[in-house]
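S.K.: Structure of the sequence below:
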Amino acid sequence: MKSRCIRLFCFVTTVVIVLTTFIGCGSQGIGNPGPGSPTLTFSANSTSISSGQSVTLSWQTTNASSVVITATANGTSRTVTNSSQASGSVADSPTQTTVYSAVANGSSGSTQPQTITVSVAQPVPPQVTSFTVSPTSVNAGQTTTVSWATTNATSVAINPPVFNPEDGITLPTSGSANPPVSATTTFTITATGPGGTSAPQSVTVTVPFNLSLSVTPATITAGQTATLSWQVSGGTTSSLAIDNGV
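M.R.: Numbers count the residues shown, from 1 in each chain. Coordinates of the predicted model:
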């Protein structure tokens, strides 16, 4: 009987020791948790922009000491930000379609990279859709109507000027003007915009070339002299020839 009691006491004591050890270990794990792994939420205010615009990248983290955002376009990478803020945002102005990648780093490691692709629409080249003069032929000193229309342009240049430069008038991207023409003139237009400069277009206004010739006096005797006079309108002469060897 005494031998059974001793064995039973030993068994109960062993169970109590094992159970106490198990419970003690469990209490230590709950009361002293290790540092958590970092988490990251990464977003962009737009995934499609036009060239020249900007995109805002935002992040929120937990258990992180830094956030690194990189941008990759056409095989080239650059760092957009390396921030120690748990949450924040940064603006970037990509010139071409770009893949942004964000990683949060903490004492327990790093998050998997999160990526966002932002498409960048390239500007459309400007075009001169219409450039005309009416009438196309005038007498010297008369006016003609020069009309033009463009697309995707922010400014227009016409040479020679269709307005008096002293007036300080800025040409509209589409419009008309009535310049006086003293000689045959070729007007040339170009349009400029975010997408570059258009190919030049030209129109010509013709002014008839007129020559008037007079002699004074109209009648002379042999040996006397007469004065020949001439006037040219509608252009600038480069040479003038009068027959009979004069």
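
S.K.: what's the closest residue to G106 other than its chain neighbours in contact with, if anything?
M.R.: The shortest distance from G106 to any non-neighbouring residue, by CB to CB, 6 or more residues apart in numbering, is to P38 (3.6 Å). Just so you know, the C-beta spots here come from the backbone N, C-alpha and C atoms, and that holds for glycine as well. P38 makes contacts with T61, T62, N63, A64, A104, N105, G106, S108, G109, S110, T111, as judged by CB atoms under 8 Å, 6 or more residues apart in numbering.

S.K.: My read is that the last one contacts S101, right?
M.R.: No. Checked against CB atoms under 8 Å, the pair T111 and S101 is beyond contact range at 11.0 Å.

S.K.: Which one of those two is surrounded by more residues?
M.R.: For T111 versus S101, neighbours defined as other CB atoms under 10 Å are more numerous around T111 (20 against 16).

S.K.: who's in contact with the more buried one?
M.R.: T111 makes contact with S37, P38, T39, L40, A64, V103, A104, N105, according to CB under 8 Å, 6+ apart.

S.K.: got JSON lines for those residues, with secondary structure too?
M.R.: Converted to JSON lines, the contacts of T111 look like this (DSSP: H, G, I helix; E, B strand; the rest coil):
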{"residue": "S37", "secondary structure": "coil"}
{"residue": "P38", "secondary structure": "coil"}
{"residue": "T39", "secondary structure": "strand"}
{"residue": "L40", "secondary structure": "strand"}
{"residue": "A64", "secondary structure": "coil"}
{"residue": "V103", "secondary structure": "strand"}
{"residue": "A104", "secondary structure": "strand"}
{"residue": "N105", "secondary structure": "strand"}
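
S.K.: on that earlier part again, now do the same for the residue nearest to G106: its pLDDT.
M.R.: According to the prediction, P38 has pLDDT 97.

S.K.: same question, I116
M.R.: 98.

S.K.: who touches it in this structure?
M.R.: Contacts for I116 (CB under 8 Å, 6+ apart) come out as F42, S43, A44, T47, L57, V99, Y100.

S.K.: cool, F163 as well?
M.R.: Applying CB under 8 Å, 6+ apart to F163 gives the contacts I169, L171, A177, P179.

S.K.: Buried ones among these?
M.R.: Buried subset of the contacts of F163 (neighbour count, 16 or more other CB atoms under 10 Å): L171, A177, P179.

S.K.: What helix or strand is the residue lying closest to the second one once chain neighbours are set aside located in?
M.R.: In this case it means A177. Distances taken as CB to CB, 6+ apart place V162 nearest to A177, at 3.7 Å, with adjacent residues excluded. Of the helices and strands defined by DSSP states H and E, none includes V162.
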